[in-house]
Structure formats: C-alpha cells, structure tokens
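> below: sequence and its predicted model.
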Amino acid sequence: MHSNRPRARRRNEVAGAATVLASAVDILSRPVQGTHRAVNDVVFGVLGRPAAPIRTLNDGIADAVYAAVRGGSAAVAKAVAVGSELLPDETVSHAVTSSAAGSVVVGAVNGLLGDRLVAEANDLAVELGPHHQRRVVANETAELTTAFPFATGHLAVLVHGLGETEQAWYYRHDGRGSYGETLAAHGISAVCLRYNTGTGIVDNGAALADLLDRVVTAWPVPVERIDLVGHSMGGLVLRRACGVEASRATWLPLVHTACYLGTPHEGAPLASGVYHLSRALRRVKQTAVWSDLLDVRSRGVDDLRLATDVPLAPGIRHVAVQATLAEDPHAWWADAVGDGLVTLRSARGPVSEVYTLPGTGHLALLSDPRVSRVLVDLMTDASPRRIGQVAAGA
C-alpha cells in the first residue's frame, strides 16, 4: 500500500550555495553598471551631440556585457542545482555547513540576506534550534539525549549575535575553555542556539519563545532552572522572547537571570549610519545605485538601528556586561566608542545592574574570562564580583 503523503523536499546546500553566488553577482554588478553609466553621462555630456552615436553604441555594449554576466551566473547556478540533484543526499544535504568554516560563512550570509533566503526557500537559510556538531537537534528527547549526554536540570541558553552561529561561543581565550565548558563544570547544561539573524528581531523572539517551550518539554531530565545569555543582537532576541505572555510560555517562570553581552538596547550606530548613508546616496542620481546596494541589507540588520521598545520582563534578574575600547572607562571618549560597535549607553539600556570591561572589543565578549566568571557567579546565585576583581583573579 502506497502512502499519499508528498515526499519531503530534500535538503540541498550545493544548490543553495550556487543560488547565493548568482544573487551576489546580480546584486554587486548593478551598482557597478550604474556607476559606469554615470561616468558615461559626464563624459558624453561634455562631448555633446556629435558623440551621441558613439554613446549609444557604448551603452549598448556595456549593458549587453553586464546582462551577460548576470545571465551567465544565473545559468551556471541553475546547472549546478540540476546537477547536484543527481548526487546522494549525504553529499548535498550539509555540503557547506558540515565544516566549521562553511558554518561561519553561512551565518554571515544569513545575517546579510537571511530574510531573502527564507523567501526563496534556500536551504542555506538557518533553522532555529540547538545545534550539535553543526546540525540542528530536533526537539525530541532521544535526539536531545544524544546531543547532551550529561544533561542536567539547569539550562543556560546562549544566543549569538548578528551574522554569527553557535560556534561563536566556542572561541577560546588564552587556552581557557569556552563558556559552555566552564558552566558544565558547575553542573549547568549550556544550550547554544543557532538562528537566522537576518529575519528580524521580533520574529526571532517569538520563534525562540516557542522553541524553549518545546525544549523544556523534551529535555532528557526535568528542567528546574533556566538562565539566559545573549551576545549583541542575541540579547534583543531574548528580550523579545521574554516579552511574550507568561500564560503562553511554560519556560518563563523557570528563568532566573538574563545576561546581555554588548547588546545594543538603544540601537547600534553602524546600522543607523548605513541607513542614513543610503538615504543620502539616493538623493543624488549618480550615487542612487549604491543606495540600492545598501538597501539589500536584511530586516535583522535594519532592526539594529532602532531602540528596543519591549520592557524588561519582570521577575528576572537582568544584568548587562558592556565593554569599551578605552583603557579608562571614564575617559571622555569611552562611551561614544564603546566596544567598537555598541556604545556604552546603548549597552546599558534600561538595565540597572551593569559591569564594564575596559580595553575590550565587541567580539571579545564571547570569550573573555572576566565574563565567564560573572556568568558562573550569576548562575550559582553568588553575588557577581566587580569586573576588576575578576580580572585580578580575586
């Protein structure tokens, strides 16, 4: 007896990668073509009407070349996609994300074009969930048991930032272990999530709230406590997840602390700068094509320019760890430069319990031993020591 259920579409990262590369050629070639045409406008404008026939020929050839480049890349992508369908599933299903480098690239691509990948049903679009050996773990007890053989009832949920993956939490600092390894030594199970950072903070927050419900239900042992850690955009996603109605989130009463590492609660200057630069470029005919390029940015990137309007969830201890490149956090420029991407003011946001790391950049917050000590103190209900004491090993 045959089943009438349609066969599930198989995952094909080879075809997905080919499509992304073709899209990149299309996206990047258009401002180049527009600049070429703008230069022609100036040159042939000076030469006047006698040069009009030459300009027509020049523009025609140039347009044909650019169209051929875009059409050729699209044709190659299509051929690769068709050819890859002849390969076995195990070859194409995780051809890119099976390697550490490939996963990092996919994370970055999702940060820039994640919403577009979802709309096109591209298999490189990241699926939200815990990841083990660079593959998503289903919310089933058997799979979670395999991925977390030493699972405890105390979970630390780690959520990465824009363009990153769960691998960001595995960076090591001067030979020290990752945050997850440090927490495991204290009986805490670190659940490092991967999500599509290009699809928007509100959507990711709602999806995370739903996911945590399923994880808690399927976790190998009863969950007694949850602590949340978010780096950069990840902190904003956590705030959104905690903002759901308590009646809809069975996991929310289990949350004790939420720690935000370099989170732009009041927006990120770089994202705001890109937005305003795009608007400025669009005002001038010759540069409008570059505005089109900047506007390709994902919804997730655009979300970062705005302050988060969701209040901090009640009943949770909220803690911010902010950083500044200045060695003296009281220097006049320390606040403005922040960690290189997020100002001190934005990293503090509405949080009253704040710890400051001087001489530290944005990505260093992922692997700093001072942060590790603060996380352990928070999650073991100790009173977190001042950053200076942690740095001194007190």
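Great, that's in hand.
> only C-alpha atoms for contact and neighbour calcs from this point on.
Fine.
> for the stretch 1-150 of the chain, which residues score under the pLDDT cut-off?
1-9 (pLDDT under 70).
> in the helix ranked longest in the chain, what's buried?
Longest helix in the chain by number of residues (criterion: DSSP state H): helix 13-47. Within helix 13-47, the residues scored as buried using 16 or more other Cα atoms under 10 Å are 13-20, 22-23, 25-26, 29-31, 33-35, 37.
> then stretch 92-104?
92-97, 103-104.
> as TSV, those residues with secondary structure and distance to residue 81 would be great.
Listed next are these as TSV, based on DSSP: H, G, I helix; E, B strand; the rest coil; distance: Cα to Cα, whole Å:
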residue	secondary structure	distance to residue 81
92	helix	10
93	coil	12
94	coil	14
95	coil	13
96	coil	14
97	coil	17
103	helix	20
104	helix	22
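> any chance of the residues you listed in JSON lines, with distance to residue 322 too?
Compiled in JSON lines, these are given as follows (distance: Cα to Cα, whole Å):
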{"residue": "92", "distance to residue 322": "41"}
{"residue": "93", "distance to residue 322": "39"}
{"residue": "94", "distance to residue 322": "36"}
{"residue": "95", "distance to residue 322": "37"}
{"residue": "96", "distance to residue 322": "34"}
{"residue": "97", "distance to residue 322": "31"}
{"residue": "103", "distance to residue 322": "27"}
{"residue": "104", "distance to residue 322": "24"}
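> which element is the residue most central in space within the chain on?
The residue lying closest to the centre of the chain (Cα atoms, centre = their mean) is residue 162, at 2.6 Å. Under DSSP states H and E, no helix or strand contains residue 162.
> ok, it touching residue 109?
No. With contact defined as Cα atoms under 8 Å, residue 162 does not count as touching residue 109 (10.2 Å).
> what number of residues lie near residue 51?
13 (other Cα atoms under 10 Å).
> let me see the contact set for the residue nearest to it when sequence neighbours are not counted.
Nearest residue to residue 51 in three dimensions, chain neighbours excluded: residue 44, at 6.5 Å (Cα to Cα, 6 or more residues apart in numbering). Residues near residue 44 by Cα atoms under 8 Å, 6 or more residues apart in numbering: 51-52, 55.
> ok, residue 44 to residue 83 distance?
46 Å (Cα to Cα, to the nearest Å).
> what's the answer for residue 252, then?
47 Å.
> for the two, indicate the residue with more neighbours.
Legend: neighbour count by other Cα under 10 Å for residue 252 and residue 83, higher for residue 252 (23 against 12).
> touching, the more buried one and residue 243? I think so.
No. Using Cα under 8 Å, residue 252 makes no contact with residue 243, being 9.5 Å away.
> where exactly do the strands run in the protein?
129-132, 135-136, 154-159, 189-194, 225-231, 255-261, 317-324, 353-358 (DSSP state E).
> counting by contacts, list what the longest one packs against.
Yep, that's strand 317-324 we're talking about. strand 255-261, helix 334-337, helix 344-348, strand 353-358 (3 or more Cα pairs under 8 Å, 6 or more residues apart in numbering; DSSP states H and E).
> and for the shortest one?
Helices and strands touching strand 135-136, by 3+ Cα pairs under 8 Å, 6+ apart: there are none.
> tell me the strands beside that strand, with direction?
strand 129-132 (antiparallel) (DSSP bridges).
> contact partners of the partner strand?
Residues contacting strand 129-132 (Cα under 8 Å, 6+ apart): 136-138, 147, 166, 191-195, 211.
> where in the stretch 151-300 of the chain is pLDDT low?
For the stretch 151-300 of the chain (pLDDT under 70), the answer is 171-177, 245-247.
> hey, where'd the helices end up in it?
179-184, 201-218, 233-242, 269-282, 288-294, 299-303 (DSSP state H, counting those that start in this stretch).
> which one of these is the most hemmed in?
Ranked by mean neighbour count, the helices of the stretch 151-300 of the chain are led by helix 233-242 with a mean of 28 (mean count of other Cα atoms under 10 Å).
> mind giving me the packing neighbours of that one?
strand 154-159, helix 201-218, strand 225-231, strand 255-261.
> can I get these in CSV including distance to residue 352?
Output for the helices and strands packed on helix 233-242, formatted as CSV (distance: least, Cα to Cα, whole Å):
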stretch, distance to residue 352
strand 154-159, 21
helix 201-218, 22
strand 225-231, 16
strand 255-261, 12
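> quick one, which of those gets closest to residue 68.
Closest approach to residue 68 among these (Cα to Cα): helix 201-218, 37.7 Å.
> kindly calculate the angle that that closest one makes with helix 233-242.
70 degrees (axes from the mean of the first three to the mean of the last three Cα atoms, to 10 degrees).
> helices or strands next to helix 201-218 in the packing?
Helix 201-218 packs on helix 233-242, going by 3+ Cα pairs under 8 Å, 6+ apart.
> list the contacts of the helix it packs on.
For helix 233-242, using Cα under 8 Å, 6+ apart, the contacting residues are 159-162, 201-202, 204-209, 228-230, 252, 259-261, 263-265, 304, 308, 310-313.
> ok so, going back, now render the helices and strands packed on strand 317-324 as TSV, adding distance to residue 293 and mean neighbour count.
TSV is the format used below for the helices and strands packed on strand 317-324 (distance: least, Cα to Cα, whole Å; neighbours: other Cα atoms under 10 Å):
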stretch	distance to residue 293	mean neighbour count
strand 255-261	30	24
helix 334-337	27	18
helix 344-348	27	23
strand 353-358	36	19
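> let's have those in CSV, adding distance to residue 320.
Shown next, in CSV, are the helices and strands packed on strand 317-324 (distance: least, Cα to Cα, whole Å):
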stretch, distance to residue 320
strand 255-261, 5
helix 334-337, 15
helix 344-348, 6
strand 353-358, 5
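> C-alpha coordinates for stretch 49-65, CSV please?
Extracted in CSV, the C-alpha atoms of stretch 49-65 (Å, rounded to 0.1, in the frame of the first residue of the first chain):
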residue,chain,number,x,y,z
ARG,A,49,25.6,65.8,-29.5
PRO,A,50,28.3,64.8,-32.0
ALA,A,51,29.3,61.9,-29.7
ALA,A,52,25.7,60.7,-29.4
PRO,A,53,26.1,57.7,-31.8
ILE,A,54,29.2,56.6,-30.0
ARG,A,55,27.4,56.8,-26.7
THR,A,56,24.5,54.7,-28.0
LEU,A,57,27.0,52.1,-29.1
ASN,A,58,29.0,52.2,-25.9
ASP,A,59,25.9,52.0,-23.7
GLY,A,60,24.5,49.1,-25.7
ILE,A,61,27.7,47.1,-25.5
ALA,A,62,28.1,47.8,-21.8
ASP,A,63,24.5,46.8,-21.0
ALA,A,64,24.9,43.6,-23.0
VAL,A,65,28.1,42.7,-21.1
